[in-house]
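> Make a model of this:
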Amino acid sequence: MAAPKKPNPNQDESLESLKAWWYENGKYFVASALVGLFAVGGWKVWDYNQQMSTREASGIYAGLLVEVEDENRDESERLFAELRDDYAGTTYPALGALSMAKLEVADGNLREAAEHLRWAIEQTDQEGLRSLMRVRLMRVLLEAGEAQTAAGLMEEHDFPRGVEALAADANGDVMYSLQQRRAAVAAYREALSLLPDDYGLIKMKLQMLGISPGDDDESAPVRAPSAQVPETGAPDIVR
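This next block holds a predicted model:
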């Protein structure tokens with residue numbers, strides 16, 4: 001018969017030390033673990049709620065596009081207010097404001113359209129979208145007779161690749177309105193150089209200024225434009 005094992009004092013001491021440590025620190029360990037679990041679970045809940053919120057906002061925005069296209073002002077304003085008030089954490093309020101600006105332009109309310117665009121620019125943190133909105137704002141201001149304010153937008157902001165051609169084209173229209181012919185020609189040429197394809201509309205604008213798109217002589221006399229110049233000073237072709 002095997003002799004019974006003698007107790008190991010060192011092992012007993014280690015076990016007691018572990019028990020003492022757990023007694024002193026176990027509750028904190030469990031609490032930390034629970035906090036970690038709740039944090040992971042909370043993140044998943046937050047992410048799920050964000051996805052659901054984005055889907056709901058997307059549906060409302062789709063409805064807003066339809067109402068704007070039909071020029072249904074009451075329903076458009078209701079849907080935009082819902083986006084603005086209930087879905088501020090998404091991109092859709094800014095996109096909704098862009099659509100509302102389109103509705104205001106259709107109704108001839110250019111100052112209201114400009115206010116919607118300014119609000120949308122402040123709401124989005126996507127630089128490409130913000131730049132596109134600035135180009136649209138430049139055109140609205142130009143149409144409203146505020147060409148100098150539109151010129152200030154071009155001076156104060158940089159426009160990223162993909163938007164710079166549109167900005168240069170709009171700037172050409174602004175310079176034309178301000179009767180700064182050389183600046184207009186330079187802007188139109190810049191726009192042409194940035195566009196991947198042959199863009200006939202800008203070439204027509206240059207021809208209206210008496211400049212051939214391939215002509216380097218910017219001092220050539222201006223021929224009478226073939227399009228009537230409206231009160232804004234911008235050629236009809238850009239409207």
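> contacts and neighbour counts: CA atoms only from here.
Noted.
> Can you name the next helix or strand after the least confident helix or strand in the chain by mean pLDDT?
Here the helix or strand of the chain ranked lowest by mean pLDDT, DSSP states H and E is helix 9-69, holding a mean of 61. Per DSSP states H and E, the first helix or strand lying C-terminal to helix 9-69 is helix 73-86.
> For that following helix, which outside residues touch it?
57, 60-61, 63-64, 67-68, 92-93, 96-97, 100, 103 (C-alpha atoms under 8 Å, 6 or more residues apart in numbering).
> ChimeraX command for the buried members of those?
To isolate the buried members of those in ChimeraX, using 16 or more other C-alpha atoms under 10 Å:
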select :57,60,61,63,64,67,68,92,93,96,97,100,103
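> from the contacts of helix 73-86, which is closest to Glu190?
Ala97 (29.9 Å; C-alpha to C-alpha).
> Residues in contact with the strand or helix carrying Val140: which ones?
In this assignment (DSSP H and E), Val140 forms part of helix 127-143. Helix 127-143 is contacted from outside by 98, 105, 110-111, 113-114, 117-118, 120-121, 124, 147, 149-151, 153, 159-160, 163, 166-167, 170, 174, 177, 232, 234, 239, using C-alpha under 8 Å, 6+ apart.
> swap the cut-off to 7 Å and go again
Helix 127-143 has contacts (C-alpha atoms under 7 Å, 6 or more residues apart in numbering) with 110, 114, 117, 121, 124, 147, 150, 159-160, 163, 167, 170, 174, 232.
> need the residues you listed in a markdown table with neighbour count and pLDDT, can you?
Output for the contacts of helix 127-143, formatted as a markdown table (neighbours: other C-alpha atoms under 10 Å; pLDDT from 0 to 100):
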| residue | neighbour count | pLDDT |
| --- | --- | --- |
| Leu110 | 22 | 94 |
| Ala114 | 24 | 96 |
| Leu117 | 29 | 96 |
| Ile121 | 23 | 95 |
| Thr124 | 18 | 88 |
| Ala147 | 24 | 95 |
| Ala150 | 25 | 96 |
| Phe159 | 19 | 90 |
| Pro160 | 13 | 87 |
| Val163 | 17 | 89 |
| Ala167 | 27 | 93 |
| Ala170 | 26 | 93 |
| Val174 | 30 | 96 |
| Thr232 | 18 | 41 |
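> Quickly check those for the two that are furthest apart.
Spatial extent of those (C-alpha to C-alpha) is set by the pair Thr124 and Thr232 at 29.7 Å.
> ok, back up a step: any chance of a markdown table for the contacts of helix 73-86, columns distance to Gly128?
Shown next, in a markdown table, are these (distance: C-alpha to C-alpha, whole Å):
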| residue | distance to Gly128 |
| --- | --- |
| Ala57 | 21 |
| Ile60 | 23 |
| Tyr61 | 20 |
| Gly63 | 24 |
| Leu64 | 22 |
| Glu67 | 26 |
| Val68 | 23 |
| Tyr92 | 15 |
| Pro93 | 16 |
| Gly96 | 16 |
| Ala97 | 16 |
| Met100 | 19 |
| Leu103 | 22 |
